[in-house]
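A.B. asks: Pasted the sequence and its predicted model underneath.
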Amino acid sequence: MVADTNVPLSKNNGILRADRSCLGWFDDQPLESVVYLSFGSLVVITRDQVMDFLYLVEWAPQEGVLAHPAIGCFPSYDGWNSTLGGRRCRVPVICWPRFAVQMVNITFVGHVWRNGVDVKDTRDAVVVERVVRDLIDPERDNEFRYSAEKMAKLVRTSSGFGGSSYRHRERLIMDIKHMAAHQNRIPN
């Protein structure tokens, strides 16, 4: 298991650089066998609270980690970045929402898109272990992995050149440029 605290654990309160050293370690792991756990960027946690995890980095390159073929599932609080990252990278999510938009995200991840498991009310280690094993078991016909693969394909298609998200982003950029140009012509 790899734990990414995604929060500064040092006295440095500046922006942390991603620790890319973990990506090389993934290359030596079997396909879809690693559980990547991210605590998010707003959670305060100490090193002592996570030392029982196998490998710890202060700030991992989440997109690179989630895209690695060794990643089997992704326990997360399911903030928006994690929701998008998991969908884009075909990784089933074990969702532990804590507050705010995370509660909305889990509705989509667990109940609409069906590419994640909602365990928000579960703190039982045996139950969580069973969910993890079910998601990373290569012999199991995994509905969540299938849904995650399907969603990743849709995300790549819509965000790729000519896709709906690509076109909407281009339109937004055009609109912003147009508004900026128009605002510059208005006298103060």
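C.D. replies: Thanks, I have the structure now.
A.B. asks: the helices in the protein, which residues?
C.D. replies: Assigned helices in the chain, in chain order: 21-26, 47-50, 62-67, 80-88, 101-106, 125-136, 143-159, 164-185 (criterion: DSSP state H).
A.B. asks: list the helices and strands the fourth one packs on?
C.D. replies: Taking 3 or more Cβ pairs under 8 Å, 6 or more residues apart in numbering; DSSP states H and E as contact, the helices and strands that helix 80-88 lies on are helix 62-67, strand 71-76, strand 93-95, helix 101-106, helix 143-159. From N, CA and C alone the C-beta is placed, and that goes for glycine too.
A.B. asks: Which positions in the last one come out as buried?
C.D. replies: In this case it means helix 143-159. Within helix 143-159, the residues that qualify as buried are F144, R145, S147, A148, M151, A152, L154, V155, counting by 16 or more other Cβ atoms under 10 Å.
A.B. asks: could the residues you listed go into TSV alongside pLDDT and distance to V101?
C.D. replies: Formatted as TSV, these follow (pLDDT from 0 to 100; distance: Cβ to Cβ, whole Å):
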residue	pLDDT	distance to V101
F144	83	21
R145	82	25
S147	88	21
A148	87	20
M151	88	19
A152	89	21
L154	90	21
V155	87	19
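A.B. asks: nearest to S33, of those residues?
C.D. replies: The shortest gap between S33 and any of those belongs to R145, at 13.1 Å (Cβ to Cβ).
A.B. asks: for the closest residue to that closest one other than its chain neighbours, what are its contacts?
C.D. replies: Counting by Cβ to Cβ, 6 or more residues apart in numbering, the nearest residue to R145 once its immediate chain neighbours are dropped is P92, at 5.5 Å. Contacts for P92 (Cβ atoms under 8 Å, 6 or more residues apart in numbering) come out as C73, F74, G86, N115, G116, V117, L135, N142, F144, R145, S147, A148.
A.B. asks: If we use 7 Å, what do you get?
C.D. replies: C73, N115, G116, L135, F144, R145, A148 (Cβ atoms under 7 Å, 6 or more residues apart in numbering).
A.B. asks: I figured the fourth one hits Y146, correct?
C.D. replies: No: taking contacts as Cβ atoms under 7 Å, L135 lies outside contact range of Y146: 11.7 Å.
A.B. asks: where does the chain have low pLDDT?
C.D. replies: Along the chain, segments meeting pLDDT under 70 span 1-16, 39-54, 56-58, 123, 141, 186-188.
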